[in-house]
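Enquirer: Here is the input, now give the coordinates:
(chains A and B)
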There are 2 protein chains.
Amino acid sequence: MEEVSNKQIILKNYVSGFPKESDMELKINSIKLKVAENSNSVLVKNIYLSCDPYMRPRMTKTEGSYTESFTPGSPIVGFGVARVVDSAHPDFKEDDLVWGMTGWEEYSIITAPETLFKIHITDVPLSYYTGILGMPGITAYGGFYELCSPKKGETVYVSAASGAVGQLVGQFAKLCGCYVVGSAGSKEKVELLKNKFGFDDAFNYKEEQDLTAALKRYFPDGIDIYFENVGGKMLDAVLLNMRIHGRIAVCGLISQYNLEQNEGVHNLFCLISKRLRMQGFLAFDYYPLYQKFVDMVTSHIKEGKVTYVEDIAEGIESAPGALVGLFSGRNVGKQVVRVAPE
Amino acid sequence: MEEVSNKQIILKNYVSGFPKESDMELKINSIKLKVAENSNSVLVKNIYLSCDPYMRPRMTKTEGSYTESFTPGSPIVGFGVARVVDSAHPDFKEDDLVWGMTGWEEYSIITAPETLFKIHITDVPLSYYTGILGMPGITAYGGFYELCSPKKGETVYVSAASGAVGQLVGQFAKLCGCYVVGSAGSKEKVELLKNKFGFDDAFNYKEEQDLTAALKRYFPDGIDIYFENVGGKMLDAVLLNMRIHGRIAVCGLISQYNLEQNEGVHNLFCLISKRLRMQGFLAFDYYPLYQKFVDMVTSHIKEGKVTYVEDIAEGIESAPGALVGLFSGRNVGKQVVRVAPE
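Expert: Sure, this is the predicted structure:
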């Protein structure tokens, strides 16, 4: 039975504050390229690994989170694109392409392959299944179309707007005939928003002394829809700038993930005075819509109506740095790690 | 033309911190008991005045609130029950009973009488039109039935539960087959909740060191619906105890109204992890449902299925003390001021 070496990225210990590359380490293990015949498992070779902000809370020992903590001493777990090497599960066979939860390693045994999505459409970049055609895509789609109920002419604000989810929300908003403004953390990202993704306007939040005043400038008549990726002070500023009957889709709170104690949000009285709806969601709430979503978005991609920017790091050795970089905004677009050639 | 004296309760100056009786003063004015014939106005004799928490923000100079600030030097404005004395408006005639926005004075000229509701059902206490059949009633009805979408068997938590709105929400929850727990600020109120309003359980929040632990005790499997009247620390404790897909109707934030700076709410990450919907609303969003609501609730009152507790202060001189008492929880049930005999 063939046994090969298997590089893994191990979480050394639970993390507090900003994660560092040294919180993880590379370990070289070995693995047999066969699954046990009396199992339901699938063995995959990982091609792309996905770096996503929700992974930060998993690096801390938490209770009551929607995701379990990672296990120190074991590989990081996350979304990825992979090719089936061996399968004991009737739905999967050698060479099938899949996306879903996998390990940060070259080869992974997936013990619950029912959670994997099979990839049928392959005339798009395979890495897209970590982003626009994967979890971030269905997040943007469900959170914006289903939760925010956008109407033509409404105003939309997206924070972390050049990220894996934000860049899509902005483009969906334009497809709906909304006026959309995004914020990001560098001049380069702001240019991307305006020139690549077609946002009506964009600004660098790091250059704004007063976020409330900045939003007032970009939305003199207020915000109908806020797609929330960051939390904290930004949310307080947004609340003051929302319009009556506005909607806030709470997708992520990345500004809070590295803090010992969350910042307080002070302006919730706006929920009453403006009759706002603020609603949290998770991608998998919208998994039942996945096929509909993929059909829509792949046709938009092929017609050039939707584009997607990725930041691809090369080699599993680069994965810790790529993940850590998310929290200082080093990535431009969706952060992916290429582990093996397609 | 008959001219009579008209006692008024005047706001002396904008208020900061807890309001005091001395922030208001009694003034005796005079008024002619006729409206100008070329106007659309209605002159009413006030019978009951309503003391409601939302009046506190109106005592401060605020911008961006859903209500305008009161005018120092002028009478307080609020909901009341009144009898028409003279009318230049075709829809109103002498002796009509009405409820709606009026002044804190014996006689008021209503310049926009379209905002008044005519009272047709009079075999219930007239004071009920400041409470169960007025703004607090439609608030409880709209906020609970429409916004929270309650289902039989769900768990419901109501804060400020013996107040004008809370006591109704609890009874509506029982009518829906929910399990309902309320909190209030005294032993007497807790007894009312359990023995008069039929809450399944109730507790005195002032006796709890740890609100999160208290809620865990009353809701070991979590809260499906929270009817929010208080805000601040209570909201943070509730967020930790909500169940997946729970709903929070944000009706009021009375704990915050007297603070110079609102307390921060720290646990909004629960919105994501539990996919919560948190939504603010105002009574008048549900005014279109008023007739349906009144028909339902008056039949419940007559069948003894719904009850209502009022705290009636006698005489317009008692109004400042009654209003101020709301913010220390001195009232037991809906706070009303009787200004004149029915």
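
Enquirer: thought A:Leu126 was touching A:Val339?
Expert: No: A:Leu126 is beyond contact range of A:Val339, at 11.8 Å (criterion: C-beta atoms under 8 Å). In this view, the C-beta of every residue, glycine as well, is placed from N, C-alpha and C.

Enquirer: The two: who's more crowded?
Expert: Neighbour totals were compared for A:Leu126 and A:Val339, and A:Val339 leads with 27 against 18 (other C-beta atoms under 10 Å in any protein chain shown).

Enquirer: got the residues of chain A near chain B?
Expert: Within reach of chain B by C-beta under 8 Å from any C-beta of the partner chain, chain A has these residues: A:64-66, A:231, A:235, A:240, A:250-253, A:256, A:261-282, A:285.

Enquirer: So which of the residues you listed belong to strands?
Expert: A:250, A:277-280 (DSSP state E).

Enquirer: The residue in the stretch 151-300 of chain A positioned nearest to chain B - how many residues pack around it?
Expert: With C-beta to the nearest C-beta as the measure, A:Gly264 is the residue of the stretch 151-300 of chain A nearest to chain B, at 1.3 Å. Residues contacting A:Gly264 under the criterion other C-beta under 10 Å number 18.

Enquirer: How about A:Met242?
Expert: Counted with other C-beta under 10 Å, the neighbours of A:Met242 add up to 27.

Enquirer: Ok, A:Lys32 next?
Expert: 15.

Enquirer: now do A:Glu105
Expert: Neighbour number of A:Glu105 under other C-beta under 10 Å is 28.

Enquirer: Three-state assignment for A:Gly246, please.
Expert: At A:Gly246 the chain is in strand, as set by DSSP: H, G, I helix; E, B strand; the rest coil.

Enquirer: That one touches A:Glu228, doesn't it?
Expert: No: counting by C-beta under 8 Å, A:Gly246 stays clear of A:Glu228, with 11.7 Å between them.

Enquirer: who touches both of those two?
Expert: Counting by C-beta atoms under 8 Å, 6 or more residues apart in numbering or on different chains, A:Gly246 and A:Glu228 have no common neighbour.

Enquirer: can you list contacts of the lowest-mean-pLDDT helix or strand in chain A?
Expert: Lowest by mean pLDDT, DSSP states H and E among the helices and strands of chain A is helix A:55-58, with a mean of 92. With contacts defined as C-beta under 8 Å, 6+ apart, helix A:55-58 is touched by A:15, A:19, A:65, A:67-70, A:76-78, A:254, A:257-258, A:323, A:326-327.

Enquirer: Just the ones of those residues in helices?
Expert: Judged by DSSP state H, helices contain the following of the contacts of helix A:55-58: A:Leu323.

Enquirer: quick one, helices of the stretch 101-250 of chain A?
Expert: Here the stretch 101-250 of chain A has its helices, by DSSP state H, counting those that start in this stretch, at A:135-141, A:148, A:166-175, A:187-191, A:211-218, A:233-241.

Enquirer: Restricted to buried residues, select the ones in strands among the residues of chain A next to chain B in PyMOL.
Expert: A single PyMOL command selects the buried members of these (16 or more other C-beta atoms under 10 Å in any protein chain shown):
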select buried, chain A and resi 250+277+278+279+280
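
Enquirer: Quick check, A:Asn29 in contact with A:Val4.
Expert: No: taking contacts as C-beta under 8 Å, A:Asn29 lies outside contact range of A:Val4: 10.0 Å.

Enquirer: A:Asp285 against A:Thr139, yeah?
Expert: No: A:Asp285 lies out of contact with A:Thr139 (C-beta under 8 Å); the separation is 9.5 Å.

Enquirer: Comparing the two, which residue is more hemmed in?
Expert: A:Thr139 (26 against 18).

Enquirer: which residue packs closest to the more buried one, ignoring adjacent ones?
Expert: A:Ala283 (4.3 Å; C-beta to C-beta, 6 or more residues apart in numbering or on different chains).

Enquirer: can you check A:Leu147 too?
Expert: A:Ala249 (4.7 Å).

Enquirer: where does A:Met1 land on pLDDT?
Expert: pLDDT for A:Met1: 67.

Enquirer: Assign the spatially closest residue to A:Leu175 that is not a sequence neighbour to one of the three secondary structure states.
Expert: Leaving aside its sequence neighbours, A:Leu175 sits nearest to A:Lys305 (C-beta to C-beta, 6+ apart; 6.9 Å). What three-state DSSP gives for A:Lys305 is coil.

Enquirer: Give me the angle between the longest helix seen in chain A and helix A:166-175.
Expert: In chain A, assigned by DSSP H, the helix with the most residues is helix A:290-302. Here helix A:290-302 points in a direction 80 degrees away from that of helix A:166-175 (axes from the mean of the first three to the mean of the last three C-alpha atoms, to 10 degrees).

Enquirer: same for helix A:290-302, what does it pack against?
Expert: helix A:135-141 (3 or more C-beta pairs under 8 Å, 6 or more residues apart in numbering or on different chains; DSSP states H and E).

Enquirer: what is the mean pLDDT for the helix it packs on?
Expert: Here the average pLDDT along helix A:135-141 is 97.

Enquirer: Using the record, which stretches count as separate domains in chain A?
Expert: A:3-131+A:309-338, A:135-284 (automatic domain parsing).

Enquirer: Single out the most deeply packed of those.
Expert: Most buried of the domains of chain A by mean neighbour count (mean count of other C-beta atoms under 10 Å in any protein chain shown) is domain A:135-284; its value is a mean of 21.

Enquirer: Tell me the gap between it and the middle of its chain.
Expert: Between the mean C-alpha location of domain A:135-284 and the chain-wide mean there is a distance of 15 Å, by C-alpha atoms, centre = their mean, to the nearest Å.

Enquirer: do stretch A:73-93 as well
Expert: The answer for stretch A:73-93 is 20 Å, by C-alpha atoms, centre = their mean.

Enquirer: likewise stretch A:88-97?
Expert: So, by C-alpha atoms, centre = their mean, the centroid of stretch A:88-97 is 26 Å from its chain's centroid.

Enquirer: Okay, now it: how far is its last residue from its first?
Expert: End-to-end distance of stretch A:88-97: 16 Å, with C-alpha to C-alpha, to the nearest Å as the criterion.

Enquirer: And the contacts of it?
Expert: Here stretch A:88-97 has contacts from A:35-42, A:81-87, A:98, A:113-114, A:116, A:118-119, A:122, A:126, using C-beta under 8 Å, 6+ apart.

Enquirer: One more pass at 10 Å, please.
Expert: Identification of contacts with stretch A:88-97 by C-beta atoms under 10 Å, 6 or more residues apart in numbering or on different chains yields A:34-44, A:47, A:81-87, A:98, A:110-114, A:116-122, A:126, A:129, A:342.

Enquirer: In strands, which of these fall?
Expert: Reading strands off these with DSSP E, I get A:42-44, A:47, A:81-87, A:98, A:110, A:117-118.

Enquirer: Closest one of the residues you listed to chain B?
Expert: Once C-beta to the nearest C-beta is applied, the member of those that ends up nearest chain B is A:Phe117, at 21.0 Å.
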